[in-house]
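Asker: 3D model of this:
(2 chains)
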Amino acid sequence: DTGVSQNPRHKITKRGQNVTFRCDPISEHNRLYWYRQTLGQGPEFLTYFQNEAQLEKSRLLSDRFSAERPKGSFSTLEIQRTEQGDSAMYLCASSLGAVTSYGYTFGSGTRLTVV
Amino acid sequence: DQQVKQNSPSLSVQEGRISILNCDYTNSMFDYFLWYKKYPAEGPTFLISISSIKDKNEDGRFTVFLNKSAKHLSLHIVPSQPGDSAVYFCAASARSGNNDMRFGAGTRLTVKP
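Answerer: You can find the predicted model right below:
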């Protein structure tokens, strides 16, 4: 297991198109998180799953955003009708249980550019 | 609402000197604090953490200090090395809540040879 994997690394899309990102967490981790990071800001929490259940969603997660984690394994984040304001780095992280002394393990992110 | 604040967007220090990065928080429910380091085009990587029951945690060149009464923590790097140049994020979590971490905006550290 090489850590948290995110695909694609980069995505350029036209405004109004739908995009989907994938995250493969560390296999034994039961929690999976999605964060968004814009230039000059820290990661902002979007949502998290414990196994297949989506337990919390930030108000940043508008109705154009949907996340799934079927079977409690990989997760997908879909953005419908993309807007230029959606341009950001989308980070996925995983953990075994709640925050521990080692925090979360992050993937390298998917950079989305909406033109 | 920004519950974790890093008020210095950048810091430059000379190699071999001490780097001190600061972080303030507003939520008194936070009971776990972490520092992450981020290089360009990579995700944040965990550096060091501290529980609210402690006021200091040390790991090699890195020491985190927590002042709960002031809701302030700091990361000390001694001695600083050029490879330490990166963006450092402070993060906090409330284990009594949903445990998701809240991040500060980051401080870009540049260590000059």
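Asker: What is the neighbour count of residue A:3?
Answerer: Each residue near residue A:3 was counted by other Cβ atoms under 10 Å in any protein chain shown, and the total is 14. (Glycine included, C-beta is placed from N, CA and C.)
Asker: and it, how far is that from residue A:37?
Answerer: The span separating residue A:3 from residue A:37 equals 18 Å under the rule Cβ to Cβ, to the nearest Å.
Asker: same thing with residue B:10?
Answerer: As for residue B:10, its distance to residue A:37 is 17 Å (criterion: Cβ to Cβ).
Asker: which parts of chain B sit against chain A?
Answerer: Counting by Cβ under 8 Å from any Cβ of the partner chain, the residues of chain B lying close to chain A are B:4, B:6, B:9, B:32, B:34, B:36, B:41-46, B:49, B:51, B:89, B:91, B:93, B:95, B:98-106.
Asker: ok, now with 6 Å
Answerer: B:32, B:34, B:42-44, B:46, B:49, B:89, B:93, B:95, B:98-100, B:103-106 (Cβ under 6 Å from any Cβ of the partner chain).
Asker: Helix or strand with the lowest mean pLDDT in chain A?
Answerer: Counting by mean pLDDT, DSSP states H and E, chain A has its least confident helix or strand at strand A:53-57, which shows a mean of 89.
Asker: List the buried residues in that strand.
Answerer: Neighbour counts using 16 or more other Cβ atoms under 10 Å in any protein chain shown place A:54, A:56 of strand A:53-57 among the buried residues.
Asker: how about that strand, does it get close to chain B?
Answerer: Yes: for a cut-off given as Cβ under 6 Å from any Cβ, strand A:53-57 has contacts with chain B, namely residue A:56.
Asker: Pull up the pairing partners for that strand, direction included.
Answerer: Taking DSSP bridges as the criterion, strand A:53-57 sits next to strand A:44-50 (antiparallel) in its sheet.
Asker: Bridged to residue B:11, which residues?
Answerer: Using DSSP bridges, the beta-bridge partners of residue B:11 come out as residue B:109.
Asker: Tell me, how many residues neighbour residue A:49?
Answerer: The local packing of residue A:49 (other Cβ under 10 Å) involves 21 other residues.
Asker: Can you show me the strands along the chain?
Answerer: Chain wasn't specified; assuming chain A. Remark: strands of chain A, listed N- to C-terminal, are A:5-7, A:10-13, A:19-24, A:31-37, A:44-50, A:53-57, A:65-68, A:75-79, A:88-95, A:105-106, A:110-114; assignment by DSSP state E.
Asker: try again with chain B
Answerer: Chain-ordered strands for chain B, with DSSP E as the definition, fall at B:4-5, B:10-14, B:19-25, B:32-38, B:45-51, B:56-59, B:62-67, B:72-77, B:86-93, B:102-103, B:107-112.
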